[in-house]
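Asks: show me how the following folds:
(2 chains)
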Amino acid sequence: MSVQALSAERQIGIYTQMLRIREFEERVKRTFTEHPGVIRGHTHLADGAEASIVGSLCHFRGGDAALATYRCHGYPLALGSDPKAMMAEIYGRVDGLCKGLGGSMHLADVKRGFLGTSGIVGAGIPHAAGAAWAAQIRKKAEVVFCFFGDGASKQGAFHETLNIASLWKLPVIFVMENNGYNVVTTSAQEDANAANGEPLSVKAKAYSMPGVTVDGTDPLAVFAAVGTAVERARAGAGPTLVESKVYRLSAHGNIIAPPGVPLHYPEHEAITVFGKREEYEAALRGDPVPRFRAVLVKGGALSASKADELVAQVAKEMDEAVTFAVNSPYPKLESALDNVYA
Amino acid sequence: MATLPFIAAIDAGIHQEMRRDPSVLYFGQNMATTENHDFVKAYGHDRVRVTPISETAEIGIAIGAAMAGLRPVVELYMAEFMLVAMDQVVNEAPRFRYMSGGQVKVPLVLKAGFGFACGWAGQHTGSLTALFMGVPGLKVVVPSTAADAKGLMATAIRDDNPVVFLHHYLLTLEPGEVPDGEHLVPFGKAEIRRAGGDVTIVATGWMVPRSLAAAKKLAEEGIQAEVIDPRTVAPLDLETILKSVAKTGRLVLVDQAPRHATVAGIIAGDVAEHGFSSLKAPIVQVVARDATVPYSEPLEAYVIPDEERIIAAVRKVLQSRR
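Replies: Numbering: from 1, shown residues only, chains lettered A, B, ... in the order given. Sure thing, here's the model as predicted:
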């Protein structure tokens, strides 16, 4: 599927979804100051990865599945999950997507094909291959989108799974969102390919599958690269590794602290750990959301006033999600014992 | 004596040993990524390194280095991350000494936080202590005070065996008096945190301060609980527990893990076998409800043992007779 095939309407759709993810994450972030204590534990934001998420999931069809990591707020939004239920989950409320049992790191919306997320780095990669095996058996040309970070590619689970997926020609697309950092460790400090100036997609070579690197801040580039991978998977030719280069615009997560210590997002590690403010500011200048808006406005697909309208509309939707979630009650205590077994 | 947060006391223990013994290594994920890192500055990159997210390799490499004469300390952050490399922890590190007929030793420390019950949900809040304690060849350390954190870490590093060092995440910032200079706490020696003659409470980790708080409330109504902190569960100082039970005749075991995955259950079995004649009432266990730890705050609190449940258990054990 070529980029040219994308109508103005679909491009506006992509922008709207990117905006929804950004506005949702902005509200999650603001919750730490506006409703202190409401979000607990560790929360990881997708800001900066919107183009990658939406560009990939444009290819999602009914019957497909997606799995991701604990940085999981973006995917269900793109797949149609209700932001109210998502926010309620992140607030631990009864109306949450997972009844308040999972929280920010473990969103799941199975009826929309979002099977779930693991908080353990790399652990979800084999799960995706398993779901792809199921799709292979169903023989309906359905595929599985497997999202993970660059850090996960240092796990055995990644290597073991890529080998099997290629060997069995499983219909799975491995989308590695490479944001350049594993928490406070740069890729060059932990990855042999990165340290030697090679893209991380070269890892695909070891497993005889295509490996491509794409600018993950450009939704159309991601759309094209993942589109090729999806076509290959639907055709039964097997998996592809897509390295999608993004830059997370927030720190790894909220400050990891026991109760009593205020939770908030410090600045990105490029600044706080490595003192590389310019690197971060360059990433901000390339912020995929305003950048894609500019592309659409310049190309005439979207007028500035229509874009502003969209922003207002999305802001309202996400404000409502916060209001809904903060007013949703906590689950009944005994419900902690439900769902332990099927 | 200096007042240090628990986490700084652990670091002090590692520093103490790295200064005196050049064979001690310290490595793991997301540490030592700049030249400003405390340990990098002190000991350099030969001995202090950042690793990728590769637990199997991290722990496996530690085993190899240990067999080759070094003393690695692996920073794992969370006990659950050890599960990724469970083979290395359970079926490699503790086996080589034995299988080689004593030819090699595997002195290493696996440092991991656990029990992070403040909204970290299902995969980061487990209390896995009992999972490790039954493995012959493995030692398991669970400090509950800053002083013990330093002294037990130092002892763990000097020990010639693989040691799982489990520090409770909710104690991370708890300050405590920590001895200056060389400080070692022996393995297998429980500490009586509070003396009392009416009931014995045994707890580890975060459950120690919770038990002490319960004991304080009970004291207000004249019930004197003796609170014992085993500090290491492998080896386990059963003698101190049995001696206390011989005095009180009543035993409450507090554990953050679910019922059938506890250290409490193992101690209960030992006391039933070796101290039955001392018991005036059935042993009561205060354990987590049998669920994955939920995210939502009130549900999380409902699942994990708290002061009220400890107090209720003490009342129960005082009322019942055998």
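
Asks: which stretches in chain A count as strands?
Replies: Ranges of strands in chain A, per DSSP state E, are A:65-69, A:114-118, A:144-149, A:172-178, A:181-182, A:185-186, A:211-215, A:240-245.

Asks: can you lay out those as a markdown table showing mean pLDDT and distance to chain B?
Replies: Yep, even glycine has a C-beta here, placed from its N, CA and C like the rest. Output for these, formatted as a markdown table (pLDDT from 0 to 100; distance: least, Cβ to the nearest Cβ, whole Å):
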| stretch | mean pLDDT | distance to chain B |
| --- | --- | --- |
| strand A:65-69 | 97 | 11 |
| strand A:114-118 | 95 | 7 |
| strand A:144-149 | 98 | 9 |
| strand A:172-178 | 98 | 13 |
| strand A:181-182 | 94 | 6 |
| strand A:185-186 | 96 | 5 |
| strand A:211-215 | 98 | 19 |
| strand A:240-245 | 98 | 16 |
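
Asks: now tabulate those strands in TSV and tack on distance to residue B:156.
Replies: Below are the strands of chain A laid out as TSV (distance: least, Cβ to Cβ, whole Å):
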stretch	distance to residue B:156
strand A:65-69	32
strand A:114-118	30
strand A:144-149	32
strand A:172-178	37
strand A:181-182	27
strand A:185-186	25
strand A:211-215	43
strand A:240-245	40
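
Asks: can you list those strands in CSV and add mean neighbour count?
Replies: Shown next, in CSV, are these (neighbours: other Cβ atoms under 10 Å in any protein chain shown):
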stretch, mean neighbour count
strand A:65-69, 27
strand A:114-118, 23
strand A:144-149, 28
strand A:172-178, 28
strand A:181-182, 26
strand A:185-186, 22
strand A:211-215, 19
strand A:240-245, 26
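
Asks: next, the contact list for the closest residue to chain A within the stretch 1-150 of chain B, please.
Replies: When scored by Cβ to the nearest Cβ, the stretch 1-150 of chain B has residue B:119 as its residue closest to chain A, at 2.2 Å. Counting by Cβ atoms under 8 Å, 6 or more residues apart in numbering or on different chains, residue B:119 touches A:39, A:40, A:41, A:42, A:92, A:103, B:295, B:297, B:300.

Asks: which residues does the residue nearest to the first one when sequence neighbours are not counted contact?
Replies: Nearest in space to residue A:39, with sequence neighbours left out and distances taken as Cβ to Cβ, 6 or more residues apart in numbering or on different chains, is residue A:31 at 5.3 Å. With contacts defined as Cβ under 8 Å, 6+ apart, the neighbours of residue A:31 are A:38, A:39, A:90, A:91, A:322.

Asks: now those residues as TSV including neighbour count?
Replies: Shown next, in TSV, are the contacts of residue A:31 (neighbours: other Cβ under 10 Å):
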residue	neighbour count
A:38	18
A:39	21
A:90	29
A:91	28
A:322	22
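
Asks: out of those, which are inside helices?
Replies: A:90, A:322 (DSSP state H).

Asks: pick out the most distant pair among the contacts of residue A:31.
Replies: A:39 and A:322 (11.2 Å; Cβ to Cβ).

Asks: by average pLDDT, which secondary structure element in the chain comes out worst?
Replies: Because you didn't say which chain, this covers chain A. helix A:269-272 (a mean of 92; mean pLDDT, DSSP states H and E).

Asks: to clarify, I was referring to chain B.
Replies: Going by mean pLDDT, DSSP H and E, chain B bottoms out at helix B:96-99, a mean of 94.

Asks: might you list the low-confidence residue ranges for the chain?
Replies: Just going to use chain A. Residue ranges of chain A with pLDDT under 70: A:1-4, A:256-264.

Asks: which parts of it are helices?
Replies: A:8-34, A:50-57, A:74-79, A:83-90, A:124-138, A:156-167, A:187-190, A:192-195, A:219-234, A:269-272, A:277-285, A:288-299, A:304-327.

Asks: report the buried residues of the longest one.
Replies: For helix A:8-34, burial by neighbour count (16 or more other Cβ atoms under 10 Å in any protein chain shown) applies to A:11-12, A:14-25, A:27-29, A:31-32.

Asks: do the least confident helix or strand of chain A and chain B meet at all?
Replies: No - using Cβ under 8 Å from any Cβ of the partner chain, helix A:269-272 never reaches chain B; the gap is at least 8.8 Å.

Asks: show me what that helix is in contact with.
Replies: So helix A:269-272 is contacted by A:181, A:183, A:184, A:251, A:252, A:266, A:276, A:277, A:279, A:280, A:283 (Cβ under 8 Å, 6+ apart).

Asks: and stretch B:190-199, by the same measure?
Replies: Contacts for stretch B:190-199 (Cβ under 8 Å, 6+ apart): B:148, B:208, B:211-212, B:215, B:219, B:223-231, B:237, B:240-241, B:244, B:247-248, B:250-252, B:314, B:317-318.

Asks: same thing but 7 Å
Replies: Residues from elsewhere that reach stretch B:190-199 (Cβ atoms under 7 Å, 6 or more residues apart in numbering or on different chains): B:208, B:212, B:215, B:223-231, B:237, B:240-241, B:247-248, B:250, B:252, B:314, B:317-318.

Asks: for stretch A:89-99, same thing?
Replies: A:28, A:38-40, A:81, A:85-86, A:88, A:100, A:102-104, A:106-109, A:325-326, A:328-331, A:335, B:295-297.

Asks: what mean pLDDT does stretch B:75-89 have?
Replies: With pLDDT averaged residue by residue, stretch B:75-89 scores 97.

Asks: need the CA coordinates for the least confident helix or strand of chain B. PDB is fine.
Replies: Extracted C-alpha coordinates of helix B:96-99, given in PDB (Å, rounded to 0.1, in the frame of the first residue of the first chain):
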ATOM      1  CA  PHE B  96      27.900 -26.000  40.700                       C
ATOM      2  CA  ARG B  97      29.600 -26.300  44.100                       C
ATOM      3  CA  TYR B  98      27.800 -29.500  44.800                       C
ATOM      4  CA  MET B  99      28.000 -31.100  41.400                       C
END
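
Asks: sorry, back to before: so which of the strands of chain A gets nearest residue B:277?
Replies: Judging these by Cβ to Cβ, what sits closest to residue B:277 is strand A:114-118, at 49.2 Å.

Asks: returning to that earlier point: show me which residues of the least confident helix or strand of chain B are buried.
Replies: For helix B:96-99, using 16+ other Cβ under 10 Å, the buried residues are B:96, B:97.

Asks: next helix or strand past it?
Replies: Where DSSP states H and E defines the elements, the next helix or strand beyond helix B:96-99 is strand B:108-114.

Asks: that next one - contacts with which helices or strands?
Replies: Strand B:108-114 sits against helix B:55-67, strand B:71-78, helix B:79-83, strand B:162-168, with contacts defined as 3 or more Cβ pairs under 7 Å, 6 or more residues apart in numbering or on different chains; DSSP states H and E.

Asks: list the contacts of the last one.
Replies: Spelled out, it's strand B:162-168. B:6, B:10, B:79, B:93-94, B:106, B:108-115, B:129, B:132, B:137-143, B:149, B:153, B:156, B:205-206.

Asks: nearest residue to whatever residue of chain A ends up closest to chain B other than its sequence neighbours?
Replies: Chain B sits closest to residue A:40 of chain A, with a gap of 2.2 Å, by Cβ to the nearest Cβ. Using Cβ to Cβ, 6+ apart and skipping residues adjacent in sequence, the residue nearest residue A:40 is residue B:119, 2.2 Å away.
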